[in-house]
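Colleague: Got a predicted structure plus its sequence, pasted below:
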Amino acid sequence: MTNNSKFRSHPLVLSTLAATCAGILTLTGIFLYLDPQIPEAKSYRNVKLVTPLRIYANDGALLAEFGERRVIPITLDQVPQHFINALLDTEDKRFYEHSGIDFISLTNDILSLVGTFMSAGELGGGASTITMQVARNVSFSLERRFLRKFKEMLLALKIERELSKDEILELYINLVPFGKRAYGAQAAAQANQMRFSRDREQEADRIGMQTLNNAGFDPYASSEFLTKLAAQIRYKYKPPAFLLTHPLPESRVSDVRLRAQQFEKRQLPDSLEFNLAKSRVIARYHQTPEAAENFFRKLIRENSFYNKTALNYGLGISLLDQKKLDEAAPILDELLKSDPKNLFYIDTHTDLLIAQKKAAEAVKFLAALHENRPNNQVITLNLANAALEAEQYDVAVQILKSFLLEKPEHNLGMQLLADAYKKQDNLAAYHEANADVLAQYGAYLKAADEVQKALNFVEPQELIKQQRLKALLTQYRQMQKELARL
């Protein structure tokens, strides 16, 4: 018997070859059919995450958020390693080993996959790698169809050739839906944290009131505060930013009010510091100086229960801000005389002296205080400001440089130092200080421009300063790139 006849006598071999050829032809046909229907893998290098429109106040507080998805993009190096380990263990154990398709998982799932296809055309799930899930979330609908699964596989192979594993993982971490409109790990973490804190507000209120009571304060203040806050926002179209994430329902106010009754009500002495701060805010930030003057005069005239010293302080500030120096001076001088160490009075007395064109006298007044209290922020910054007004620029620079060694990120201190350098005509230092201020606000591009301007004023022989500024320039440009990625 010939070899050919032996070969023909084994129908199993023939069937196997026929099945193999049929499988190859089928896969080729599927590839030729599906390949034009899937996007280019290169497009995954520029995936734009659809972040919601966020509206912020001047102080950076979030006022409102609009959008179907809550997305907070992050880079892979910002993700804790234990989270990555848990994610890979749950979703794709062999992520760093396969090329887009995990054939081991696919083999384990193949019988179920074929069965569901033959019965209803619906794919039950399983065998999806992280790369395939990225493809699905970016390019395909979430409908579970058998044909879509083949598209995912084909696109996953292409994505693996175009992107690194870390780039794919970073995309996945920013795209995967976690429910409650949260897409991506960071948005989900924030949503879970918010839900966690909301669920425990009652316990937080209980502990807070107990702490107030143990510290000797009035626990009823909590219920009174929440009652006033609820009344103020009841008819407002837009509540404060913190109440957008943690609303204040009437049930919470009632619960706090009832909890307070378990404690004995205390009559605490009036706080002068609090009342002075309150008057200062009303005088300078809540109303116009003219309206504030009328407000304080009315309360003083009515002999109200408000702290009269604080009312006089507020009146003095409102008169000072209107340049009514002859009226403000007696009030503020009397307050300082009554308590020479009070920082509120020291601060306002400095403003009065500068407004009276007595900056040198203000320097002398504050320098004596600074000797005794060199680390006091109010005295130090007022002394530096008075020195600038008195054209004692070297003094101001020396004071501010020492101050910023202790508080290097103090914004007002840096602004005053920049002003001092400018008045010294030290333009290199002026632009560098400006760069520090801008960098604190996250304006790295403008900060880099300021460093570039500083370099233009550095002398050629100042090689160390040149190298330091060039390094700073590189740092700000890199930080701008990182910010743009977010």
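Modeller: Done, it's in.
Colleague: low-confidence ranges in the stretch 201-350 of the chain?
Modeller: Applying pLDDT under 70 to the stretch 201-350 of the chain flags residues 234-246.
Colleague: how about the helices in it?
Modeller: 201-214, 220-233, 241-245, 250-260, 272-281, 289-301, 308-321, 325-338, 343-355 (DSSP state H, counting those that start in this stretch).
Colleague: Throw the ones you listed into JSON lines and include distance to Val378 and mean neighbour count, thanks.
Modeller: (Each C-beta comes from the backbone N, C-alpha and C, glycine too.) Output for the helices of the stretch 201-350 of the chain, formatted as JSON lines (distance: least, C-beta to C-beta, whole Å; neighbours: other C-beta atoms under 10 Å):
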{"stretch": "helix 201-214", "distance to Val378": "28", "mean neighbour count": "14"}
{"stretch": "helix 220-233", "distance to Val378": "27", "mean neighbour count": "15"}
{"stretch": "helix 241-245", "distance to Val378": "28", "mean neighbour count": "14"}
{"stretch": "helix 250-260", "distance to Val378": "35", "mean neighbour count": "15"}
{"stretch": "helix 272-281", "distance to Val378": "12", "mean neighbour count": "16"}
{"stretch": "helix 289-301", "distance to Val378": "22", "mean neighbour count": "16"}
{"stretch": "helix 308-321", "distance to Val378": "15", "mean neighbour count": "23"}
{"stretch": "helix 325-338", "distance to Val378": "14", "mean neighbour count": "15"}
{"stretch": "helix 343-355", "distance to Val378": "5", "mean neighbour count": "21"}
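Colleague: closest one to Gly184 among the ones you listed?
Modeller: Closest to Gly184 of the helices of the stretch 201-350 of the chain is helix 241-245 (C-beta to C-beta; 17.9 Å).
Colleague: So what touches stretch 405-414?
Modeller: The contact list for stretch 405-414 (C-beta atoms under 8 Å, 6 or more residues apart in numbering) reads Asn375, Gln377, Leu381, Ala384, Leu400, Phe403, Leu404, Ala433, Asp436, Val437, Gln440.
Colleague: buried sites along that stretch?
Modeller: His410, Gly413, Met414 (16 or more other C-beta atoms under 10 Å).
Colleague: need these in JSON lines with distance to Ile354, pLDDT and secondary structure, can you?
Modeller: Supplementary listing: the buried residues of stretch 405-414 in JSON lines, determined by distance: C-beta to C-beta, whole Å; pLDDT from 0 to 100; DSSP: H, G, I helix; E, B strand; the rest coil:
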{"residue": "His410", "distance to Ile354": "21", "pLDDT": "89", "secondary structure": "coil"}
{"residue": "Gly413", "distance to Ile354": "18", "pLDDT": "90", "secondary structure": "helix"}
{"residue": "Met414", "distance to Ile354": "21", "pLDDT": "91", "secondary structure": "helix"}
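Colleague: So which of the residues you listed is the closest to Ile207?
Modeller: Each of the buried residues of stretch 405-414 was checked against Ile207 using C-beta to C-beta; the closest is His410, at 32.9 Å.
Colleague: check contacts around Glu170.
Modeller: Thr75, Leu76.
Colleague: I'd like to know how far it sits from Pro460.
Modeller: Look at Glu170 and Pro460: by C-beta to C-beta, to the nearest Å, they are 44 Å apart.
Colleague: counting contacts, what elements does the helix or strand encompassing Leu381 pack onto?
Modeller: In the assignment (DSSP states H and E), Leu381 maps to helix 377-389. The contact analysis (3 or more C-beta pairs under 8 Å, 6 or more residues apart in numbering; DSSP states H and E) places helix 377-389 against helix 343-355, helix 359-372, helix 393-406, helix 411-423.
Colleague: Would you pull up how far it lies from the middle of the chain?
Modeller: Centroid separation for helix 377-389 versus its chain: 31 Å, with C-alpha atoms, centre = their mean, to the nearest Å.
Colleague: Around Asn174, how many other residues sit close by?
Modeller: 23 (other C-beta atoms under 10 Å).
Colleague: Spatially nearest residue to it (excluding sequence neighbours)?
Modeller: Here the nearest residue to Asn174 in space, its sequence neighbours aside, is Gly184; by C-beta to C-beta, 6 or more residues apart in numbering that works out to 4.3 Å.
Colleague: next one: Leu155
Modeller: The shortest distance from Leu155 to any residue other than its chain neighbours is 4.2 Å, reached at Ala135 (C-beta to C-beta, 6+ apart).
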